[in-house]
Structure formats: structure tokens, C-alpha cells
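> Sequence first, then the predicted structure:
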Number of protein chains: 2
Amino acid sequence: MGGTEAGQEGRPRPAAGLAHRVPDLGAMELLLAVARLGSLGGAARELGITQPAASSRIRSMERQLGVALVDRSPRGSRLTDAGALVTDWARRIMEAAEAFDAGAQALRDRRDSRLRVAASMTIAEYLLPGWLVALRTQLPDTAVSLLAGNSAAVAERLLAGEADLGFVEGVSVPTGLDSAVIGHDRLIVVTAPGHPWARRGRPLEAAELAATPLILREKGSGTRQVLDAALGGLARPLIELSSTTAVKAAAVGGAGPSVLSELAVGEELTTRRLVSVPVADVVLARDLRAVWPTGHRPTGPARQLLSLTRA
Amino acid sequence: MGGTEAGQEGRPRPAAGLAHRVPDLGAMELLLAVARLGSLGGAARELGITQPAASSRIRSMERQLGVALVDRSPRGSRLTDAGALVTDWARRIMEAAEAFDAGAQALRDRRDSRLRVAASMTIAEYLLPGWLVALRTQLPDTAVSLLAGNSAAVAERLLAGEADLGFVEGVSVPTGLDSAVIGHDRLIVVTAPGHPWARRGRPLEAAELAATPLILREKGSGTRQVLDAALGGLARPLIELSSTTAVKAAAVGGAGPSVLSELAVGEELTTRRLVSVPVADVVLARDLRAVWPTGHRPTGPARQLLSLTRA
DNA sequence: ATGAGGGCATAAGCTGGAGTTATGGGCAGG
DNA sequence: CCTGCCCATAACTCCAGCTTATGCCCTCAT
């Protein structure tokens, strides 16, 4: 028994076991239903399970967290104060899960979909799932398919008639396509709040930025290319990491300043885990564009998605 | 068998069953490990499970999503393009889960904790979990406890010596406490991108806002109170809903304009599911403050947390 | 060329958690 | 007082995920 126990002396354990400390998505969904409906039985009915199942599931979630979440009474259940908080936090997980679901569904629905989207990686990663969630509220029964690739691949799909609408980032628009600017991907300089740059009065000079070792993605990544171009190939790495998340984690931990896409650090900025440092004389911006074959203005679901993406 | 099947004629199904369409957190954690390490076996070792378990779990995730995620070869596994995308989306869920975990742990760790925080609901809901995650990277072994309540309760705890640091929002600071402004909770007017207000040239006048029916939280909610005060008790409801999420969903769906805390809609704004409408002559802002008993300037972990929260 | 090693897959068996049905006890309102 | 809604407990079932035991594939160094 417990065969797992063998040999865990100096296990690294970076953030491992999170899944064991956090209730699973089903339990959270149930908790949200209880919060909304004010009754275990009601929530159970809504999710298509029985009342005892709901009762036991909530109870084991309370055991796992070590916190009482609901006040049960003979005429209903209400959240405790702690329960309300936990429910709010759970809601944010479920929102991320909804975006995941919308995206995953689009990756799968190849052929028979009514709206075929081709998008560059950055957009597909950060923006598209949110758009799809929004679109779903407007057109619940429209199947969407997604193909992610670089600008050239997006153009190819559109011109071959294999996609209805495309999204690319960058300075130039592939030939044969019309486009509309829908936003900007700005690279920003960020540091942990404790770093000296977080309190400087005047904006950072480009030369200063180029002279300072930064936490960066590896050479070859899109972000790195834009930065190198803007600085004239001068970006000086303090550490090179292979994922945006790793870079963010290092920056949050105070290892040094970094340059990241605004899209990647929205959450960190609003919670002040990272602070944006104004930069004086470099513009690190790329346009985000919706694209379609010249002349074939988007119609139907494509038009609807397009209108979601710009003001 | 399959007793669940009974009687589901006109089931409401608002967004039900999400948990069945999305892999569970353990599977995502595994996927992230595979992405990072480039091998199923390696990921398995890191999570303390066996290689066949990892293999089968990834495979069933691929079945569930209907998408191939990893390219298995006799010398390792790499993510497919779709897999990279899915992994990025999963990472966002895991980040939310990490915040959840940090918060939940603080709710539980009552007595023996080294840093006891008291916070108002808005801050505890939106900001604190992120701070705790950041703090964890700096002080991994510091137990933190959290007590959430209104301003009066926060003050009481601090003055009784039962909390080391507090956070409140609002215009006045409770007596007996020193404070530092760490941010602002601004209410902003938002609409779906398709709404006429999303394209107006000039900012909205207060009178115009007061005259337009809005999607709002129910009377008595904090947000509603601030809005009513700023407008002179005039806010006119189009729909009244009992949770911020419901309000957001209605606004995203295009039901009408709404007024929400900036903190609540960060994600929706960056993905352009909602658009912020500038307002001319009303300031809907409250300060967010860190507070502590007069004279007892925070030290140790409390000081560290405080420095995380402000620039 | 050949054996060692890392990596993945398949097969068979075990276990625990989540689900089910069945039943009982509190509290409100006609 | 009884009907209805709410929740809890008990006993049983079932499956997802785990383990161990094997085997095949490929690469690299001897």
C-alpha cells in the first residue's frame, strides 16, 4: 500500500501537488450553484445529481479546505463569510476554465463549423478564448474552429478559402488581405514593486534599458525579436528562460526587470505583483489586426466576431 | 444503470457540465510538467506518479478534448501546436488555482500564523490572493492568516492586536489607525463593444448616465452605494442582479451598459469583451488603503507584504 | 554490431471517491 | 396536524486513476 511514498528525499517540488490542495472543478461548479440557488438540493438538481451527492461533496470540500463554507439550516443553505470569499475565488478559476473550454472546442471542431478562424499565436493564446466566450453568449449554437500559426499560415488559409476570418500581429499586412486594426500589443518594462525602477520619477531612456541586464525569453521568441529590433539588437540578458510564465515568475520574485507583452501581464499589474515602468523614447508596439481576403468583407458570424474585437 | 439520465427534458443548463468538458487540475498540472520537461516519464517522476499513469492520463485528456496534445517519440515528447495552445490556456487556470490555494490556506491558518491580515471584502476578493502568491515566492515558509470583514471589523482586529496589517477601501480611515494609499478602486462605465456608447467621441455626462437604465447589482451592494452617492441617489436600474458575475455576463451579452469596479472587469477589458466608456464630470473613485495601529509601523512579514502592494 | 539506457505502450489488478437508492429528522405554513 | 422542503446518514455500485510487470523502439558509446 501507499507505494507512492517511496523515495521522496530531496524532491524538488516547485509548486507540485496544487491539484491535491484545491477542490476540483466539479466541486467548484457545485459550490457556485449552491451560492446562486441558496440550497444544496437545488444545486444538485441543476447539475443533474442527487441531493446526498451534493451534500457529501460540499462537506468533503470543507474538510479539504479546513473551512466551513455553507451554513446549513432546515430551510436552505447560505454561504458563510469565508464561503463567500472562496466562492469568489472559485469563480475566477471557472472563468478561466470557460475560456479553456471555448478554445478547446474550437481546436476540435474542424470541418463542419460555421465560423473558421485563423490566428497568430499571441492572439490565439491571450485574446481569442475570451472572444469566443463572448461570442458564445450571442450565438450559442455556432460552432467555431480555430487554426493557429504564423502570419504566413494565416494568410494562406484565408486565401485558400479555408478560413473566414484571420488575426495577425505585426507591422505589415500580408498581400491579398484587407485588415482592420483591433488593438495593440505593447511590450512594457516591468519589475517587482520593490525594485528601484518602480519608484523612479522620470521615464526610462532607451540607452538605459539596453544597458541593463533583463530577464528575457530565449533568443528567437517573438517578444525577444521585437525587443531586439526596437533596441537595435542590443538587449542584454540577465537570465534567459523558455516560457513567458517562467519569466513572469522570476520578475515577480524580484530577480530583476523584464520586458513582456502587455497582454501577458494584465493580471500581475492589477494585483501589483508587477509594476510597469514608463519608457521614454522607444515604442515597443505592434498592431493587432483582423484580416480577410481583399474584397470579401466578413459577414454573418465572422462579422459578429469582428465587431466584438474592436471598439 | 445510468440513473442520472432520468427526466432531463427542459433542463435549464446555463453553463452546466463545464467540469465534464474540461480536464481536471491534476491533468493540467501534468501537462504543464510534460511541456516543461519534454518527457512523460520525467513529468511523472516530478509529480510522484509512475510513467504509465502519466501516459494514460495524457492520453485520456487528448480523448476528452479531441485534440492531439503531445508528439510522442522514442526519445521524448514534445507539444504539438495545438498542445502548446492548450497548455497556455491551462496555465491560466493553474494561476487562478494558485491564487485560490494561497487564499484558502490563509483562511484556514488561524492561530499559529506569523502574519495576520484583516481585509475588506473587495480587497480580499480581487487583490489579496495575488499578493499572497507573490509573498509566497519571497517568504515560502511564512504562514499567513486572513480575516475578511468591513472597515469597522478590520479596525477592531487591528486595535485588539489580533491582526498585524489591514486593508480597507473607502473615503475615511478609521480612527486610531495610520494608513497608506496603495491603489484606487474606480468604478467605470462599461458596455459590450457593439453598443453605441463604445464609439462615442465625447465623454459621457453625469446627467446622461443618471438618465440611462443600467445593469446593476442589487440595492445595498457596495458598488451600488458608491454609484448612488456619486449620482445623488439617481441610478436607474435596467436589470438588477445579485452577483457581479451575473452583471458582467449581462453586459457582455449586450443587454446594456453597466457600472462596475475596475478590479472586477480587468480581464474583460483586455480581451475587449467589454469596453470602458469615459465619463466627464463624475469621479467614481475610492482609495484603497493599507492600515495599521497608529505608531505601530509594520515590520517583518507585514512590511514585506505592504511593500508588495504599492509602488 | 551490440548492449545499455532512456522513453513510451499495453495488460491486469487494486482502491477510493463520487454517484446512486432508501430512509429519517427538523422546521414552516395552510 | 399534515404536507412540503430542506438536510443527514447508511449501504452499495462503479469507474477513473493508480500500481506493477513487461515489451518494443530508438540512440549512443563501447
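Perfect, I can see it now.
> show me what contacts the residue in the stretch 151-300 of chain A positioned nearest to DNA strand D?
Residue of the stretch 151-300 of chain A nearest DNA strand D, by C-beta to the nearest atom of the strand: A:Ser242 (21.1 Å). (C-beta placed from N, C-alpha, C; glycine too.) A:Ser242 sits next to A:217-218 when contact means C-beta atoms under 8 Å, 6 or more residues apart in numbering or on different chains.
> Now the phi/psi pair for it, please.
Per-residue torsions, A:Ser242: phi -100, psi 0 (degrees, to the nearest 10).
> Same question for A:Gly176.
Dihedral angles for A:Gly176 - degrees, to the nearest 10 - are phi 90, psi 0.
> Just the pLDDT for it.
In the predicted model, A:Gly176 carries a pLDDT score of 93.
> One more: A:Leu274?
pLDDT for A:Leu274: 88.
> My understanding was that it contacts A:Ala249; is that so?
No - contact criterion C-beta atoms under 8 Å: A:Leu274 and A:Ala249 do not qualify, at 10.6 Å.
> Show me which of these two is the more surrounded one.
Taking other C-beta atoms under 10 Å in any protein chain shown, A:Leu274 and A:Ala249 do not tie; A:Leu274 has more neighbours (26 against 20).
> Enumerate every residue touching the more buried one.
A:Leu274 makes contact with A:190-193, A:248, A:251-252, A:265, A:268, according to C-beta under 8 Å, 6+ apart.
> Which entries in the residues you listed are shared with the contacts of DNA strand D?
With C-beta under 7 Å from any atom of the strand as the criterion, these include none near DNA strand D.
> will you turn the residues you listed into a markdown table that also has pLDDT?
Below are the contacts of A:Leu274 laid out as a markdown table (pLDDT from 0 to 100):
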| residue | pLDDT |
| --- | --- |
| A:Val190 | 94 |
| A:Thr191 | 93 |
| A:Ala192 | 88 |
| A:Pro193 | 82 |
| A:Lys248 | 86 |
| A:Ala251 | 89 |
| A:Val252 | 83 |
| A:Val265 | 88 |
| A:Glu268 | 82 |
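> From those residues, which land in strands?
A:190-191 (DSSP state E).
> Pick out the most distant pair among the contacts of A:Leu274.
Farthest-apart pair in those is A:Pro193 and A:Lys248; separation 14.1 Å (C-beta to C-beta).
> before we move on, the earlier item: now which of the contacts of A:Leu274 would you call buried?
Neighbour-count burial (16 or more other C-beta atoms under 10 Å in any protein chain shown) applied to the contacts of A:Leu274 gives A:190-193, A:248, A:251-252, A:265, A:268.
> just checking, what packs against the top helix by length along chain A?
Scanning chain A for the longest helix, with DSSP state H as the assignment, gives helix A:81-108. Using 3 or more C-beta pairs under 8 Å, 6 or more residues apart in numbering or on different chains; DSSP states H and E, the elements in contact with helix A:81-108 are helix A:25-37, helix A:128-138, strand A:144-148, helix B:18-21, helix B:51-65, helix B:81-108, helix B:121-126, strand B:144-148.
> Would you give the sheet partners of whatever helix or strand comes next after it, along with the direction of each?
Using DSSP states H and E, the helix or strand that follows helix A:81-108 in sequence is strand A:115-119. Using DSSP bridges, the strands paired with strand A:115-119 are strand A:144-148 (parallel), strand A:165-170 (parallel).
> quick one: average pLDDT of strand A:115-119?
Here the average pLDDT along strand A:115-119 is 96.
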